[in-house]
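**Q** Below is the structure, and that's it, no one-letter string:
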């Protein structure tokens, strides 16, 4: 049974990935999402993005729900768990992703690709920084997309064909106008893996459409992902949400927080006696 509050109005979401314990940066972003949803009189959805079964652990899901509630996060719909709202688990929503992949494939927006990341690295001639965006060289763009069945087609990797040279622009709620050039700032990107799992880009877009999300609040490290996702919305003929990208929280050395930063993890902060009311004022802005 799913408890819902769907009124067709403003809808936000928080979407943690349970690959470790929550830190201050997560909490501040999620609290901002809640604040903005409440200011607009809208609903807030909790979605656990647990598609990576090798890294996502049940104990992390349990701890993040506990930490979210301690931090003052309240969401307005989800599976009924003992009279309370539970989260939506992305791992249980395969049909949503298969439908979106099928729609994109029928529209001719995708092509099958047999290139590994190493293949792409080897094909990229221009020097690039470690960890920077690798622009896919188009090696498989002309491959046939015909397969004997959809089941067979889902056993290979699929990439989205970007419109090379087109400027993708959007107005961010915090950072203002953002511009990215397809084929320059990012290339053809993976949307489906041969193990039957959608990429982050496809899963997020398909779920946000299905859940009627009208505003996405997340970290500014995902600005480039937003450009990719806007192309998916267009190919799916769906209206995208608005976006608000929060500043990243960094440690004393200016390094972006990660789940390995125990000193600014919510569990450790709780042990140190930090109160939920202090979270938004803690750490660097």
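**A** Nice, I can see it. As the structure is a prediction and not an experimental result, all values here were calculated from the model.

**Q** Please enumerate the strands of this protein.
**A** With DSSP state E as the definition, the chain shows strands at residue ranges 2-3, 11-14, 43-48, 78-81, 84-85, 88-89, 110-113, 157-160, 167-172, 176-181, 189-192, 215-219, 242-246.

**Q** Skipping adjacent residues, who's closest to residue 158 in space?
**A** Nearest non-adjacent residue to residue 158, counting by CB to CB, 6 or more residues apart in numbering: residue 192, 4.0 Å away. Bear in mind the C-beta positions are built from the backbone N, C-alpha and C, glycine included.

**Q** number of nearby residues for the one you found?
**A** A count of nearby residues for residue 192, using other CB atoms under 10 Å, gives 28.

**Q** Quick one: residues contacting it.
**A** Applying CB atoms under 8 Å, 6 or more residues apart in numbering, we find residue 192 in contact with 101, 110, 154, 157, 158, 198, 199, 202.

**Q** re earlier: with distance to residue 70 and mean pLDDT as extra columns, can I get the strands of the chain in JSON lines?
**A** Output for the strands of the chain, formatted as JSON lines (distance: least, CB to CB, whole Å; pLDDT from 0 to 100):
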{"stretch": "strand 2-3", "distance to residue 70": "22", "mean pLDDT": "42"}
{"stretch": "strand 11-14", "distance to residue 70": "14", "mean pLDDT": "96"}
{"stretch": "strand 43-48", "distance to residue 70": "14", "mean pLDDT": "95"}
{"stretch": "strand 78-81", "distance to residue 70": "17", "mean pLDDT": "76"}
{"stretch": "strand 84-85", "distance to residue 70": "15", "mean pLDDT": "78"}
{"stretch": "strand 88-89", "distance to residue 70": "21", "mean pLDDT": "94"}
{"stretch": "strand 110-113", "distance to residue 70": "42", "mean pLDDT": "97"}
{"stretch": "strand 157-160", "distance to residue 70": "39", "mean pLDDT": "98"}
{"stretch": "strand 167-172", "distance to residue 70": "30", "mean pLDDT": "98"}
{"stretch": "strand 176-181", "distance to residue 70": "34", "mean pLDDT": "98"}
{"stretch": "strand 189-192", "distance to residue 70": "36", "mean pLDDT": "97"}
{"stretch": "strand 215-219", "distance to residue 70": "20", "mean pLDDT": "96"}
{"stretch": "strand 242-246", "distance to residue 70": "20", "mean pLDDT": "97"}
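
**Q** TSV please, covering those and showing distance to residue 68.
**A** What follows is the strands of the chain, written out as TSV (distance: least, CB to CB, whole Å):
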stretch	distance to residue 68
strand 2-3	17
strand 11-14	8
strand 43-48	7
strand 78-81	12
strand 84-85	11
strand 88-89	14
strand 110-113	35
strand 157-160	32
strand 167-172	25
strand 176-181	29
strand 189-192	29
strand 215-219	14
strand 242-246	16
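
**Q** With residue 139 as the reference, name the closest of those strands.
**A** Among those, strand 110-113 comes nearest to residue 139, with 7.6 Å by CB to CB.

**Q** For that closest one, which outside residues touch it?
**A** Residues contacting strand 110-113 (CB under 8 Å, 6+ apart): 101, 104, 139-145, 153, 156-161, 188, 190-192.

**Q** And the chain, what are its domain boundaries?
**A** Domain ranges of the chain: 2-92+249-281, 94-199, per automatic domain parsing.

**Q** Show me which helix runs longest in this structure.
**A** Ranked by residue count and defined by DSSP state H, the top helix of the chain is helix 24-39.

**Q** State the mean pLDDT of that helix.
**A** The average pLDDT within helix 24-39 is 91.

**Q** Return the list of helices and strands in contact with that helix.
**A** Under the contact definition 3 or more CB pairs under 8 Å, 6 or more residues apart in numbering; DSSP states H and E, helix 24-39 sits against strand 11-14, strand 43-48, strand 215-219, strand 242-246, helix 266-271.

**Q** What pairs with the third one, parallel or antiparallel?
**A** So that's strand 215-219. Counting by DSSP bridges, the strands paired with strand 215-219 are strand 242-246 (parallel).

**Q** The partner strand vs strand 176-181, what angle?
**A** Angle of strand 242-246 versus strand 176-181, following axes from the mean of the first three to the mean of the last three CA atoms, to 10 degrees, is 100 degrees.
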